[in-house]
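>>> Using only what follows, build the 3D model:
(one chain, ligands or ions: 1)
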Amino acid sequence: MQKTTREVIACLLLLLALCISCSEKEKACAPVDTPTTQALNPNGDSELALLMRAMFDEAVQIKRQVANEEPISLKIDYEKILTAHATEPEKAASVQYQAFAKSYLQSIKDLQSASPAQGEAFYLNMVENCMTCHKALCPGPMVVIKKLR
Ligand code: HEC
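A predicted model of the protein is given here:
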């Protein structure tokens, strides 16, 4: 009898562990209120999630530079968006993701070569490229991305 109880408990624990790991995976594109540099995912954040947070932080800087008509400084290796390891690798490998990523990279190049007068329009175009991909593939962070407009 006692052995059965232990087996039942072991089964329940296993189920619990499974549930937790499922919900961690869900977190990949779950709503984010404020991007943080702290790990959100106890299993470790993916390379792509970390890149995204850095992109968010840099966008905040760019917004300020554009508003002050200062030169735009881009420090991130944006090309990594094509290859960085994602929480759901099959998502980042999809044709759709790769197409959105290339369009986003083009908006970064446009921004890089923008004159001070064009800065704001090109910045907003870049933010719309974040939104387009997120609307289609990863809706959670849209709330924070809106704040970049
Ligand atoms: C080509 C599609 C695509 C583009 C463009 C894109 N993202 Fe993402 N983003 C994703 C995916 C997919 C994830 C989930 C990453 C993961 O968990 O591995 C993500 C995750 C995020 C996250 C959550 C990171 C975390 O803490 O888990 C934020 C914030 C974010 N993106 C902001 C942005 C911003 C800001 C831009 C534009 C500067 C942008 N994204 C452009 C696809 C995209």
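
>>> which element follows the helix-or-strand element of the chain with minimal mean pLDDT toward the C-terminus?
Ranking every helix and strand in the chain by mean pLDDT, DSSP states H and E puts helix 2-26 at the bottom, with a mean of 61. Using DSSP states H and E, the helix or strand that follows helix 2-26 in sequence is helix 47-67.

>>> Ramachandran coordinates for the nearest residue to residue 32 once chain neighbours are set aside?
Using Cβ to Cβ, 6 or more residues apart in numbering and skipping residues adjacent in sequence, the residue nearest residue 32 is residue 141, 4.8 Å away. Using the backbone N, CA and C atoms, a C-beta is placed for each residue, glycine as well. For residue 141, the backbone dihedrals are phi -70, psi 0 (criterion: degrees, to the nearest 10).

>>> What of residue 144?
phi -80, psi -30.

>>> any idea how far residue 131 is from it?
Look at residue 144 and residue 131: by Cβ to Cβ, to the nearest Å, they are 11 Å apart.

>>> Could you pull out the buried residues of stretch 87-102?
Residues 87-88, 92, 97, 100-101 are the ones in stretch 87-102 that count as buried (16 or more other Cβ atoms under 10 Å).

>>> Distance check, the spatially most central residue of the chain against residue 134.
What sits nearest the mean C-alpha location of the chain, by Cα atoms, centre = their mean, is residue 52, with 3.9 Å. As for residue 52, its distance to residue 134 is 10 Å (criterion: Cβ to Cβ).

>>> Now do the shared contacts for the two.
Common neighbours of residue 52 and residue 134, using Cβ atoms under 8 Å, 6 or more residues apart in numbering, are residue 141.

>>> Spell out which parts of this protein neighbour the ligand.
Selection of the chain residues close to the ligand by Cβ under 6 Å from any ligand atom yields 28-29, 32, 35, 40, 46, 48-49, 52-53, 55-56, 59, 86-87, 91-92, 97, 100-101, 104, 129-130, 133-134, 137-138, 141, 144-145.

>>> Restricted to buried residues, select those in ChimeraX.
Restricted to buried positions by 16+ other Cβ under 10 Å, the ChimeraX selection for the residues of the chain next to the ligand reads:
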select :28,29,32,35,46,48,49,52,53,55,56,59,86,87,92,97,100,101,104,129,130,133,134,138,141,144,145
